[in-house]
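Engineer: Sharing a model that was predicted from the sequence below.
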Amino acid sequence: SYTHHSKNSQRRDLFFVSRFKDMIEGMRMDLYKARYENFEELLEYCYRVAGTVGLMTTPIMGIAQDAQQSDSEVLNAAVSLGIALQLTNILRDVGEDATQRNRIYLPLDELESFGLRETDIFAGTVDDRWREFMKFQIKRARKYFEIAKQGIGSLDPKVRWAVWGAGMVYGEILDAIEANDYDNLTQRAYVPRWRKFALLPVALVQTLIM
């Protein structure tokens, strides 16, 4: 009926408006917040600036009619992909964010637990403490990529390749940080263009069997 359709439309509109407001608030956080005391604070930031994008785009891209997961599980995977991408951005840009913008998007309590200080970041100190700290951060980012991957097979088949292709390329940034001996303070990890193109058929094959 028209009334039922109208109520569904209102709920959908409220969903998008609420997520959009969350995203805007995440962007506003960059105006007043330059440090994150713990991962809970950082996770909230990542959800707002990136997880919300997953929530808003998934209904547009579509969920497969024969999806093996519930809608809430697919949306959780979409949020996890956004968080994984944002955590990867953060790990790639640690040195640049600190020296050029005076921002540290790393949990300060975890930094301290590895025997590190903010001054070590600004000094570009890449020692065994920093390497172990980065191993811990990269492992967590990869965990979110794994959660995200579980939801790819429930998306509309037409969009799976594009979504997972982006995820695979970003995942390679973490590999590049490792290849740089975890030095993301004085150099920026990147994935060469040839490597990005090489990953596309791999992503395609993976999505075909999801």
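Structural biologist: Happy to help now that I have it.
Engineer: Show me the helices in the chain, by range?
Structural biologist: 2-32, 39-46, 52-61, 71-92, 94-101, 108-113, 118-122, 128-152, 157-179, 193-208 (DSSP state H).
Engineer: Identify whichever of these lies nearest to Gln187.
Structural biologist: Nearest of the helices of the chain to Gln187, taken as C-beta to C-beta: helix 94-101 at 7.6 Å. C-beta: built from backbone N, CA, C; applies to glycine.
Engineer: Which neighbouring elements make contact with the closest one?
Structural biologist: Helix 94-101 sits against helix 118-122, with contacts defined as 3 or more C-beta pairs under 8 Å, 6 or more residues apart in numbering; DSSP states H and E.
Engineer: What residues does the closest residue in space to Arg160 that isn't next to it in sequence make contact with?
Structural biologist: Nearest residue to Arg160, sequence neighbours excluded (C-beta to C-beta, 6 or more residues apart in numbering): Thr207, at 3.9 Å. Applying C-beta atoms under 8 Å, 6 or more residues apart in numbering, we find Thr207 in contact with Ile152, Gly153, Pro157, Arg160, Trp161, Trp164.
Engineer: what do you get if the cut-off is 6 Å, keeping everything else the same?
Structural biologist: Taking C-beta atoms under 6 Å, 6 or more residues apart in numbering, we find Thr207 in contact with Arg160, Trp161, Trp164.
Engineer: Also Ile90?
Structural biologist: Contact analysis of Ile90 by C-beta under 6 Å, 6+ apart lists Tyr105.
Engineer: could you redo the last one with a cut-off of 8 Å?
Structural biologist: Ile90 touches Leu42, Cys46, Asp97, Tyr105, Leu106, counting by C-beta under 8 Å, 6+ apart.
Engineer: Could you do Glu132 as well?
Structural biologist: Taking C-beta under 8 Å, 6+ apart as the test, what Glu132 contacts is Phe114.
Engineer: Relative to Ile147, how far out is it?
Structural biologist: Noted for Glu132: a distance of 24 Å to Ile147, by C-beta to C-beta, to the nearest Å.
Engineer: can you check Pro192 too?
Structural biologist: Applying C-beta to C-beta to Pro192 and Ile147 gives a distance of 27 Å.
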